[in-house]
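**Q** Provide a 3D model corresponding to the input given below.
(one chain, ligands or ions: 2)
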Amino acid sequence: MNTHSASSKIGLRGIIIIFSLLAVGCAGGGGGQANLSPTPPPTPAPPPAAPTAADYETHEYNIQYGLGQMNVSHAYAAGAFGAGTTVAVIDSGIDDSYTELAGQVSPNSISIWEQQGGTLGSLTHGHGTFIGAVIAARRNDTEAHGVAPETTLLDIRVDRGVENPNIPGSSYPLYTETDFALAIDYAVSQGVNIISLSIARPPSAYEHNGTAIYAALRRAVDAGIIITIGTANYSAGTPLADRIIGDFLPASFADDPLMNGQIVVVPALNSSDTITDFSARAGVLSNFAISAAGEDIFIGLDANTRRLVRGVSFSGPHIAGALALLIGAFPNLEGVDALNLLYDTARDLGAPGVDDVYGHGVPDLMAAFTPQGQTELKLANGTISVSIDELMAGPSGAFGDWAWNSGLYNDAVFKDSYDRVFSLRGWMNQHRPGLTAQSSFENAANLSRSPTRTVALPNNASLSIRHPVETPRIYRQFDEEMGRTTAAISFHQSIGDLEIAAGRGFAAPAPVPAAGLSVLSQTAFSGAAAGYASHDNWQAIKLDRAGWQLGIRASGSTQVGFQALSLTRRMGDQVFGLEVGKSAEQDTALGSFVGNRLGNRSGSQNSFQAAVWSGALPSGWTGGARVEFVTTNMSLSEHIQIDETPMASAWTLAAHRPLFGGQFGLTVNQPLRIEQGAISSQVAVGVDEDWNLVYETRSGKLAPSGREIGLEAAYQWSLFGGADASIATRYAVNSGHIADNEDEVSLWFGLRSRR
Ligand SMILES: [Ca+2]
Ligand SMILES: [Ca+2]
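**A** Ligands and ions are numbered 1, 2, ... in the order given. Alright, predicted model coming up:
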């Protein structure tokens, strides 16, 4: 009466060899009992994009290794180029007569000295122009392009066009502290998002002690501006330990609590992700540091003006550009949030974690553009939250890919822990269901590996025991889900017209015996009832009188309670009958975690009706069939309306016969599948100007997109020395009830030696 032919032999030690021949994708059915086991949520994955990141990795992109080093192409693929942001470059002026900078510089750009009525000297210095190019050179298929090619540069020239008298013969321009502070105040007045400073010198080299700059930076911080500072250059070969950033202004203000973490210092990397031999290390400012490219930076201003430059002057602007991409893409992000996001998602370099060389590491914009922390879809005006991971968990059982198929979540949006709004569409595409897991294999293999003994007892009774075997890791979770970590036991006894049975494990006997020798379909004349009947602690009783059989079977576990009543009629060698029953599931509906996608772990009350047949056929065949219909009443949140009660179907048609000394079987089946059912719910579809979610009422069907039909052929025979062999193959279309899944072929070979 055991429903699993592979484990019903007496006194056998199970050795199972599984070959899976995969025509396409992976094998497995998702049918039968496997339907009743939950699907663990997959690991969240980054969003896809059309066009893809690779489409942006052009020659113009790749020539600047600092872009790839930060995975900037993933920001572009998400549509982020820095548009709508402004980066102030307080430096030696940006010459926008070069084609690469034409149109990139704000008309509000000024010279601080001229603004004060001064006259610029004749000294010009390309430094500011280079900074501007690193941030925002045009994406125009020539030369390089900046990190944020659509940000606006606010050029604030702060030098006076004369050489710094403290560094005679250097051609290094003179800045004064007063001019510097005025420049910062001007940037604040223009409402910029970021100030890029690449002017770090020892205080002695300046005409200032930092007091006025400090006060101006405080005003910038209060205005929400982020200040990026390339750290200091040392002469090549200075020992790393001696390259101390804290000696330099204004970088040394970064850890001042009043700066609110809005100053970031940027050690310079080479293309091998290593600190350059000239850059200061993060040092005591490591919590306020993140690294970026600063060696062999390609500056191509036009076809006649190209050079490679190096210096911490160029690492800072990379971070300014990265921040512009984030702030431009997520307008709700405060600057400090964007900076923290950059830190939180950085790729670690050097010693694990934040360290005193690289600070937080190097930005990873792919990660920064991925939702962070808790990600939830809020339904019904925020009263229900659905974890995105749970929402995107693989399709399961009878409901298959309904969540993808229903349209309920199309164009839905969700927020992450940074309050950023993402479209769900990308995630749904990313988690598009593929072929189902190898649960059928695991189920069959697990049962086969467990040795079973059946002992005949007096008075027409028998006792079967299946010992648990040490389970390979890949089956362990499945065992736990199915409650098979303890020994299975079943007892049968015939008393006159009465047959009684009870057990823990195995399965309560079905109204008619199974046919077809199925291993891979795992149908056991499948449907919801087959799954329930195999739960722990079952009892069955059958009364056989005058050709009529009245049967009752029941089972219970912590998750499921099940009772069924059957009436069959024997006419010669044919048996026909009906079975009706009810079940209650604690957390699931027909074994699927439907409620999780709707914000709660809801249970269900189910009722089913089945027609069964078993009987002899011509040419030595023995056949059997079962058709089952189930209605499931889910207990969903009051905010979800069930418009149409879900109804599912399952059927199996099977037969076997002796062949060449063994037994040959055929099974065709449709695993349990939702045929109808619909719900409606509110779904967040956007945000209003106050950044509150905007909802829309949606309705969606619960049925999956396809219908899995499987055909299985099986053969079982005895070998020399008392070994038994079984081989089975199953061909399935629409595996997992998913319409565009490719056809699936599975092959099973099992070998058992007698003890
Ligand atoms: Ca360009
Ligand atoms: Ca590190």
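**Q** Bridge partners for the residue in the stretch 251-400 of the chain positioned nearest to ligand 1, pull those for me.
**A** Ranking the residues of the stretch 251-400 of the chain by distance to ligand 1 (C-beta to the ion) places Gly300 first, at 7.0 Å. Using the backbone N, CA and C atoms, a C-beta is placed for each residue, glycine as well. Gly300 has these beta-bridge partners by DSSP bridges: Arg306.
**Q** cool, Thr568 as well?
**A** Beta-bridge partners recorded for Thr568 (DSSP bridges): Gln549, Gly577.
**Q** in terms of contact, does it touch Val512 like I think?
**A** Yes - between Thr568 and Val512 there is a contact at 6.4 Å, judged by C-beta atoms under 8 Å.
**Q** between those two, what contacts are shared?
**A** 575, 577, 612 (C-beta atoms under 8 Å, 6 or more residues apart in numbering).
**Q** pLDDT at the second one, what is it?
**A** If you check Gly577, the pLDDT there is 96.
**Q** Output the set of residues of the stretch 51-200 of the chain in proximity to ligand 1.
**A** Counting by C-beta under 5 Å from the ion, the stretch 51-200 of the chain comes close to ligand 1 at 138, 140, 143, 145.
**Q** Now the residue nearest to Ala329 when sequence neighbours are not counted: which helix or strand?
**A** Nearest non-adjacent residue to Ala329, counting by C-beta to C-beta, 6 or more residues apart in numbering: Ala80, 3.7 Å away. Counting by DSSP states H and E, no helix or strand carries Ala80.
**Q** list the contacts for Ala80?
**A** Neighbour list for Ala80: 325-326, 328-329, 369 [criterion: C-beta under 8 Å, 6+ apart].
**Q** and Glu163, backbone torsions?
**A** In this entry, Glu163 is assigned phi and psi values of phi -70, psi 150 (degrees, to the nearest 10).
**Q** One more: Gln493?
**A** Taking degrees, to the nearest 10, you get phi -150, psi 140 for the backbone angles of Gln493.
**Q** Any idea how many residues pack against it?
**A** Look at Gln493: counted by other C-beta atoms under 10 Å, it has 16 neighbours.
**Q** Wait, it touches Pro458, no?
**A** No - the criterion here is C-beta under 8 Å, and Gln493 misses it with Pro458 at 9.8 Å.
**Q** ok so, going back, now the two most distant members of the contacts of Ala80.
**A** The span of these, defined through C-beta to C-beta, is set by Gly328 and Phe369 at 11.7 Å.
**Q** Same drill for these two, tell me which one is more crowded.
**A** Higher neighbour count among Gly328 and Phe369: Phe369, with 28 against 23, using other C-beta under 10 Å.
**Q** So what's the residue count around the closest residue to the more buried one other than its chain neighbours?
**A** Excluding the flanking residues, the one nearest Phe369 by C-beta to C-beta, 6+ apart is Ala78, at 4.9 Å. Using other C-beta under 10 Å, Ala78 has 23 neighbouring residues.
**Q** Quick check: Ala78 vs Phe422, distance?
**A** Taking C-beta to C-beta, to the nearest Å as the measure, Ala78 falls 9 Å from Phe422.
**Q** same thing with Gly577?
**A** In this view, Gly577 and Phe422 are 53 Å apart by C-beta to C-beta.
**Q** related to what we said a few turns ago, show me the contacts for the residue of the stretch 251-400 of the chain closest to ligand 1.
**A** Per C-beta under 8 Å, 6+ apart, neighbours of Gly300: 63, 100, 133, 137, 142-144, 306.
**Q** hmm, try it at 7 Å
**A** Contact analysis of Gly300 by C-beta atoms under 7 Å, 6 or more residues apart in numbering lists 100, 143-144, 306.
**Q** and the residue of the stretch 1-150 of the chain found nearest ligand 2, what is it in contact with?
**A** Using C-beta to the ion, the single residue of the stretch 1-150 of the chain nearest to ligand 2 is Gln69, 15.1 Å away. By C-beta under 7 Å, 6+ apart, the contact set of Gln69 is 269, 273, 293, 362.
**Q** same thing with Asn332?
**A** If you count contacts by C-beta under 7 Å, 6+ apart, Asn332 has them with 419-420, 691.
**Q** top of those by neighbour count?
**A** Arg420 (21 neighbours).
**Q** Against Val687, how distant is it?
**A** In this view, Arg420 and Val687 are 10 Å apart by C-beta to C-beta.
**Q** Please apply the same query to Leu550.
**A** Going from Leu550 to Val687 by C-beta to C-beta gives 62 Å.
**Q** Report how many residues lie close to Gly169.
**A** By the other C-beta under 10 Å criterion, the neighbourhood of Gly169 contains 6 residues.
**Q** got it, and Asp411?
**A** 14.
**Q** And the lowest mean pLDDT element among the helices and strands of the protein?
**A** One helix or strand of the chain scores below all others by mean pLDDT, DSSP states H and E: strand 12-15, with a mean of 31.
**Q** Just after that one, pick out the following helix or strand.
**A** Assigned by DSSP H and E, the successor of strand 12-15 is helix 59-62.
**Q** Show me which residues of this protein sit near ligand 2.
**A** 348, 350, 355.
**Q** By neighbours, which of those wins?
**A** Gly350 (19 neighbours).
**Q** Verify the contact between that residue and Tyr358 for me.
**A** Yes - in this structure, Gly350 is within contact of Tyr358 by C-beta atoms under 7 Å, at 4.6 Å.
**Q** ok, now how distant is the residue nearest to Ala329 from ligand 1?
**A** 18 Å (C-beta to the ion, to the nearest Å).
**Q** For that residue, report the pLDDT, please.
**A** Looking at Ala80, its pLDDT stands at 95.
**Q** One more: the one 5 residues further on?
**A** pLDDT recorded at Thr85 is 98.
**Q** can you pull the contacts of it?
**A** Going by C-beta under 7 Å, 6+ apart, the list of residues near Thr85 reads 151, 193, 324, 327-328.
**Q** The same query, at a cut-off of 8 Å, please.
**A** 148, 151-152, 193-194, 324, 327-328.
**Q** How about Asn193?
**A** Contacts for Asn193 (C-beta under 8 Å, 6+ apart) come out as 85-87, 225-226, 323-324, 327, 335.
**Q** Just give the nearest non-adjacent residue to it, would you?
**A** Spatial nearest neighbour of Asn193, excluding adjacent residues (C-beta to C-beta, 6+ apart): Thr85 at 4.8 Å.
**Q** again, but for Lys415
**A** Closest residue in space to Lys415, ignoring its immediate chain neighbours: Val421 at 5.6 Å, by C-beta to C-beta, 6+ apart.
**Q** one step back: need the overlap of contacts for Gly350 and Tyr358.
**A** Shared contacts of Gly350 and Tyr358, defined by C-beta under 8 Å, 6+ apart, are found at Ile275.
**Q** Neighbours of Leu550, how many?
**A** Using other C-beta under 10 Å, the number of residues around Leu550 comes to 16.
**Q** likewise Asp95?
**A** 17.
**Q** ditto for Leu258
**A** 10.
**Q** Go ahead and report the secondary structure state at it.
**A** helix (DSSP: H, G, I helix; E, B strand; the rest coil).
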